[in-house]
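> Have a look at this fold, sequence not included:
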């Protein structure tokens with residue numbers, strides 16, 4: 001009898017992992033490819049369209065921009081955003097390397113509905129943008145600092 005309950009609970013958990021049906025506009029993919037292959041942008045900020053059916057590019061930052069600049073911009077927002085951040089660094093043996101981060105900015109002060117839409121879209125976006133190395137989430141400026149520790 002308890003085995004049946006466990007199986008039902010397991011099925012319920014799987015059902016909770018359902019992705020949102022939010023689309024991604026072609027411009028998002030084009031900007032991502034510019035970031036990934038040509039390093040034209042340091043980061044891309046994505047937001048929901050007004051009809052909440054797609055993600056669109058809100059803005060991009062030039063390659064010279066910094067994580068600190070992004071942190072200041074996000075601290076002023078009261079709505080969630082996705083950030084695709086291109087981190088380039090030199091390894092200890094002198095090689096140039098890089099990682100691309102997908103960061104969900106979801107401030108505690110925003111509405112629960114928006115938070116849920118963004119959170120349920122995270123894995124779908126990761127699959128859409130091939131080449132994302134690390135996925136992180138921050139709910140406040142100190143959370144952004146923790147992401148920075150990994151960059």
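Ah, there it is. None of the values given here were measured: they were computed from a predicted structure.

> and the residue nearest to residue 62 when sequence neighbours are not counted, backbone torsions?
Excluding the flanking residues, the one nearest residue 62 by CB to CB, 6 or more residues apart in numbering is residue 42, at 6.5 Å. Every C-beta, even on glycine, is put in place using the N, C-alpha and C of the backbone. Here is the backbone geometry of residue 42 (degrees, to the nearest 10): phi -80, psi -40.

> And the lowest mean pLDDT element among the helices and strands of the protein?
helix 2-16 (a mean of 42; mean pLDDT, DSSP states H and E).

> on that earlier part again, what's the neighbour count on the residue nearest to residue 62?
21 (other CB atoms under 10 Å).

> likewise residue 23?
So residue 23, with other CB under 10 Å, has 15 neighbours.

> Help me confirm that it comes into contact with residue 51.
No: taking contacts as CB atoms under 8 Å, residue 23 lies outside contact range of residue 51: 10.6 Å.

> which element follows the helix of greatest length in the chain toward the C-terminus?
For the chain, the longest helix by residue count, based on DSSP state H, is helix 112-128. Under the assignment DSSP states H and E, the closest C-terminal helix or strand after helix 112-128 is strand 134-138.

> for that next one, which positions count as buried?
136-138 (16 or more other CB atoms under 10 Å).

> now do stretch 118-134
Buried residues in stretch 118-134 (16+ other CB under 10 Å): 118, 120-122, 124-125, 128-129, 132.

> what's near enough to touch the residue nearest to residue 62?
61-66, 70, 85-86 (CB atoms under 8 Å, 6 or more residues apart in numbering).

> And the average pLDDT for the longest helix of the chain is what?
Taken as a whole, helix 112-128 has a mean pLDDT of 94.

> tell me what it is packed against?
Here helix 112-128 touches strand 41-48, strand 81-90, strand 96-105, strand 134-138, going by 3 or more CB pairs under 8 Å, 6 or more residues apart in numbering; DSSP states H and E.

> Residue 57 and residue 85: what is the separation?
Plainly put, residue 57 is 14 Å away from residue 85 if you go by CB to CB, to the nearest Å.

> more crowded one of these two?
Remark: of residue 57 and residue 85, residue 85 carries more neighbours, 24 against 19, as counted by other CB under 10 Å.
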